[in-house]
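**Q** Okay, here's the prediction I keep looking at, along with the sequence it came from:
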Amino acid sequence: MGLFDKLFKRNKEQQEQKEALDEGLKKTKEGFFSKITKAIAGKDKVDTEVLDELENALIASDVGVETTVAIISRIESRVSKDKYLGTSELNRILQEEIMGMLTDAPSNDFETFDTPKDKKPYVILVVGVNGVGKTTTIGKLAYNFKKNGKNVLMGAADTFRAAAVDQLTIWSERVGVPIVKKEMGSDPSAVAYDSVESGMARGSDVVIIDTAGRLHNKFYLMDELSKIRRVISKKMPDAPHEVLLVLDGSTGQNAIEQAKHFTAATQVTAIAITKLDGTAKGGVVLAIANQFKIPVKYIGVGEKMEDLQIFKKEEFVDSLFSLEK
């Protein structure tokens, strides 16, 4: 394949991903703008009343109180400089201020499914409660890393739920990557250790390890995750290189509560937000990116394996504010 063909293929893939993002955020976009439209209906000037209505609209869109206050504060600063700012300009200003807020938030190191050259295998520990799409996210991650030329290995360290091992095994077969697993009830730390050991022996580029999705006892969760980290580091001192928290975007503010629990229980270094295509609560992405100061690295905008995307701030905001239906 020549250079032109490669560039054409890459541009086509990027266009398809942007179209999937636009479609995946459609419900959020429609709900978001319907609330904003109602907030400024009949008004011709951005004043205190309009800002109050906009604040309510943002909170109702699951942007969250803390993030909403930050956005409104930014807009108030703009309004104070131009006393005659019209509501017709509000969408543009809102877009600019949201983009500015996201720019201040931590960013991903990579814009593709890649890993640092000096970390091989790159060990990803995946955490999150049951039902958020954790296993599916691992499968899609494995697919996309493999598609990008990486050798991938899965580790089934959620040994407390038989279905978890079975589901991950199905994904390993579907994607065509090896998996390390043990019988239900085995020590999760032992599975994690064996996964890293096997990844090193195989020359894997990426090792993705699943963990139990329980949250009823934060202290137990903390102890378990801490033990897994300690055991992994005995085999590979700087591993895990990434602790990826998976959150269900369709749960809105509940996703924020889960993030609070997990970030308190372990050192989360990246976040994946799933199921954005089936909800109007995509504003929670803004809340999580702003509030936790942890990079939102991946977002799920559909059921296809390609629909797990690298979170790109500019494209997300562009899709959110695109007025095409």
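**A** Cool, the structure landed. Numbering: from 1, shown residues only.
**Q** low-scoring pLDDT stretches of this protein, where are they?
**A** Within the chain, the ranges that satisfy pLDDT under 70 run 1-10, 82-87, 214-219, 323-325.
**Q** the domain parsing of it - what is it?
**A** 26-104, 122-321 (automatic domain parsing).
**Q** Distance from the shortest one to the middle of the chain?
**A** On the basis of C-alpha atoms, centre = their mean, to the nearest Å, the separation between the geometric centre of domain 26-104 and that of its chain is 24 Å.
**Q** And the residue nearest to I310 when sequence neighbours are not counted, how far from K313?
**A** Closest residue in space to I310, ignoring its immediate chain neighbours: E111 at 5.8 Å, by C-beta to C-beta, 6 or more residues apart in numbering. In this view, the C-beta of every residue, glycine as well, is placed from N, C-alpha and C. Using C-beta to C-beta, to the nearest Å, one gets 11 Å for the distance from E111 to K313.
**Q** Which of these two has more residues huddled nearby?
**A** K313 (18 against 10; other C-beta atoms under 10 Å).
**Q** Hmm, that one is touching L102, no?
**A** Yes. Using C-beta atoms under 8 Å, K313 is in contact with L102, at 4.4 Å.
**Q** okay, and the common contacts of these two?
**A** Listed as contacting both K313 and L102 by C-beta atoms under 8 Å, 6 or more residues apart in numbering are A289.
**Q** For D22, pull up the helix or strand it's in.
**A** Taking DSSP states H and E as the criterion, D22 maps to helix 3-24.
**Q** Equivalent analysis for A259, please.
**A** Assigned by DSSP H and E, A259 falls in helix 253-265.
**Q** swap in V126?
**A** Going by DSSP H and E, V126 is in strand 122-127.
**Q** From the contact counts, what lies against that strand?
**A** The contact analysis (3 or more C-beta pairs under 8 Å, 6 or more residues apart in numbering; DSSP states H and E) places strand 122-127 against helix 134-147, helix 188-202, strand 206-210, helix 218-235, strand 242-248.
**Q** got the contact list for it?
**A** Counting by C-beta under 8 Å, 6+ apart, 115-116, 134, 137-138, 141, 192, 196, 199, 205-211, 213, 225, 228-229, 232, 236, 239-246, 262, 266, 268 sit against strand 122-127.
**Q** what angle sits between it and helix 218-235?
**A** 170 degrees (axes from the mean of the first three to the mean of the last three C-alpha atoms, to 10 degrees).
**Q** what lines up beside strand 122-127 in the sheet?
**A** strand 206-210 (parallel), strand 242-248 (parallel) (DSSP bridges).
**Q** which of those strands is buried the deepest?
**A** strand 206-210 (a mean of 29; mean count of other C-beta atoms under 10 Å).
**Q** Next, find the distance separating V317 from K146.
**A** Using C-beta to C-beta, we find V317 at a distance of 30 Å from K146.
**Q** Show me which of these two is the more surrounded one.
**A** Under the criterion of other C-beta under 10 Å, the comparison of V317 against K146 puts V317 first, with 20 against 17.
**Q** What are the boundaries of the helices in the stretch 51-200 of the chain?
**A** Along the stretch 51-200 of the chain, counting by DSSP state H, counting those that start in this stretch, helices occupy 65-81, 90-104, 134-147, 162-175, 188-202.
**Q** could the strands paired with strand 122-127 go into JSON lines alongside distance to I170?
**A** Below are those laid out as JSON lines (distance: least, C-beta to C-beta, whole Å):
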{"stretch": "strand 206-210", "distance to I170": "13"}
{"stretch": "strand 242-248", "distance to I170": "18"}
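**Q** Enumerate every residue touching F110.
**A** Contacts here follow C-beta under 8 Å, 6+ apart; on that basis F110 touches I310.
**Q** Swap in 10 Å and give it another go.
**A** Neighbour list for F110: P116, N148, K297, I310 [criterion: C-beta atoms under 10 Å, 6 or more residues apart in numbering].
**Q** In the sheet, which residues pair with the nearest residue to V132 once chain neighbours are set aside? Tell me.
**A** Distances taken as C-beta to C-beta, 6+ apart place D248 nearest to V132, at 4.0 Å, with adjacent residues excluded. D248 has these beta-bridge partners by DSSP bridges: T274.
**Q** In this model I256 seems to touch D248, though I could be wrong.
**A** No. Judged on C-beta atoms under 10 Å, D248 makes no contact with I256 at a distance of 11.3 Å.
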